[in-house]
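Student: Generate a structure from the sequence data that follows.
(one chain, ligands or ions: 1)
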Amino acid sequence: MTILDKIIEQKAMEVSLAKKNIPIEMLKDTLFFQREGLSLKTTVKERSGIIAEFKRQSPSKGIINAKAQPLEVATAYQTFGASGISVLTDFHFFGGNIQDILSIREHIHTPILRKDFMIDAYQFYEAKAIGADVVLLIAACLSPLQVSEFTDLAHQLGLEVLLELHTEEELNHFNSEVDMVGINNRNLKDFKVDLEHSVRLKNALPAGTLSVAESGIYALEDFKYLKKTRFDAFLMGEFFMKNENPARKFEQFANEISNL
Ligand SMILES: O=C(O)c1ccccc1NCC(=O)[C@H](O)[C@H](O)COP(=O)(O)O
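Tutor: Below is the predicted model of the structure:
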């Protein structure tokens with residue numbers, strides 16, 4: 001069983017419990033009061049292109065930063081030009097929580113990506129109800145039909161969709177309705193990270209697709225290299241979060257790239 005299989009098994013249990021605690025009809029009743037979604041598609045073009053992540057721990061690295069506070073970090077990400085703020089809401093493997101989004105949403109006017117393992121329609125209503133603007137669909141956990149159906153549902157709810165691919169075979173999960181395609185440099189089965197991976201697969205995407213290089217961007221040189229290969233956006237977590245002060249680290253990095 002791979003780590004991804006374990007994550008999905010755990011997630012299925014959590015979703016079925018969440019449905020009992022807060023029935024979907026109750027979630028739907030709150031949607032009327034939610035703000036209109038913010039567009040990551042727009043902000044990746046207007047700002048740095050960085051989708052900066054709040055990430056406490058991960059299966060590949062263990063604890064990354066147990067002390068950081070979501071609001072302090074998200075505020076710095078926003079102030080210094082992040083195009084989007086990714087928040088891991090998975091508890092079991094990443095130490096996140098939907099509370100992390102609830103605690104920032106009133107203060108943040110930058111698109112918020114709910115980073116989780118989306119396998120059930122219930123999670124899309126939940127994402128909207130907690131104030132997310134974008135959801136991640138991971139091809140490795142879904143069929144092409146599920147990607148298409150979940151994309152429709154997300155759009156009906158005013159959420160944008162970032163589809164994550166890792167292999168060439170997963171290109172059959174692409175459909176022109178998704179808003180952006182992320183290529184994960186990290187193999188979710190064995191955790192190997194290789195930036196060349198995203199560069200190779202990007203060339204196979206249809207022209208005009210908004211592309212996001214994901215994971216393993218650990219240095220200014222990595223960022224410059226991926227920017228040169230014309231990625232529109234860059235999903236970065238550990239590089240900021242492993243610092244004792246992720247807010248300050250992001251500010252420094254934003255200054256460095258502003259001179260490029
Ligand atoms: O990060 C992991 O170890 C991981 C393991 C299994 C599934 C997903 C995983 N990460 C989720 C992510 O997509 C990353 O947090 C994101 O791309 C940022 O990556 P990084 O900059 O390398 O922290």
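Student: Now for the residue nearest to Gly49 when sequence neighbours are not counted: which residues touch it?
Tutor: Of all residues not flanking Gly49 in the chain, Ala233 sits nearest, at 4.5 Å (C-beta to C-beta, 6 or more residues apart in numbering). For every residue, glycine as well, the C-beta is placed using N, CA and C. Residues near Ala233 by C-beta atoms under 8 Å, 6 or more residues apart in numbering: 40, 44, 49-51, 83-84, 180, 210-213.
Student: From Asp179, how far out is Ala233?
Tutor: With distances taken as C-beta to C-beta, to the nearest Å, Ala233 is found 11 Å from Asp179.
Student: who touches both of these two?
Tutor: 40, 210.
Student: Quick check: pLDDT value at the most centrally placed residue in the chain.
Tutor: Residue closest to the average C-alpha location in the chain (C-alpha atoms, centre = their mean): Lys115, at 4.2 Å. Here the pLDDT value assigned to Lys115 is 98.
Student: Kindly report the same for Glu14.
Tutor: The predicted local confidence for Glu14 is 98.
Student: What distance do you get for it to Tyr125?
Tutor: Using C-beta to C-beta, one gets 15 Å for the distance from Glu14 to Tyr125.
Student: Comparing the two, which residue is more hemmed in?
Tutor: Tyr125 (21 against 16; other C-beta atoms under 10 Å).
Student: so which strand or helix has that one?
Tutor: Assigned by DSSP states H and E, Tyr125 falls within helix 121-130.
Student: Can you name the next helix or strand after that helix?
Tutor: For helix 121-130, the following helix or strand on the C-terminal side (DSSP H and E) is strand 134-138.
Student: now that following strand, how far from the centre of its chain.
Tutor: Distance, stretch centre to chain centre, for strand 134-138: 6 Å (C-alpha atoms, centre = their mean, to the nearest Å).
Student: partner strands of it, parallel or antiparallel?
Tutor: Next to strand 134-138 in the sheet, as set by DSSP bridges, lie strand 112-115 (parallel), strand 160-165 (parallel).
Student: what angle sits between that strand and helix 121-130?
Tutor: Relative orientation of strand 134-138 versus helix 121-130 (axes from the mean of the first three to the mean of the last three C-alpha atoms, to 10 degrees): 160 degrees.
Student: So which bits of strand 134-138 are buried?
Tutor: By neighbour count with 16 or more other C-beta atoms under 10 Å, strand 134-138 contains the buried residues 134-138.
Student: Check which helices and strands the helix holding Tyr125 is in contact with.
Tutor: Where contact means 3 or more C-beta pairs under 8 Å, 6 or more residues apart in numbering; DSSP states H and E, helix 121-130 is packed against helix 3-21, helix 24-31, helix 98-102, strand 134-138, helix 144-156.
Student: quick one: contacts of it?
Tutor: Here helix 121-130 makes contact (C-beta under 8 Å, 6+ apart) with 15, 18-19, 22, 24, 27-28, 30-31, 34, 37, 89, 98, 101-102, 105, 114, 116, 118, 135, 150, 153-154, 157-159.
Student: What's the separation between the residue nearest to the centre of the chain and the ligand?
Tutor: Distance from Lys115 to the ligand, counting by C-beta to the nearest ligand atom, to the nearest Å: 7 Å.
Student: With Ile257 instead?
Tutor: In this view, Ile257 and the ligand are 15 Å apart by C-beta to the nearest ligand atom.
Student: shaky segments in the stretch 151-260 of the chain?
Tutor: Applying pLDDT under 70 to the stretch 151-260 of the chain picks out no residues at all.
Student: Strands along that one, start to end?
Tutor: For the stretch 151-260 of the chain, the strands defined by DSSP state E, counting those that start in this stretch cover 160-165, 180-184, 211-214, 233-236.
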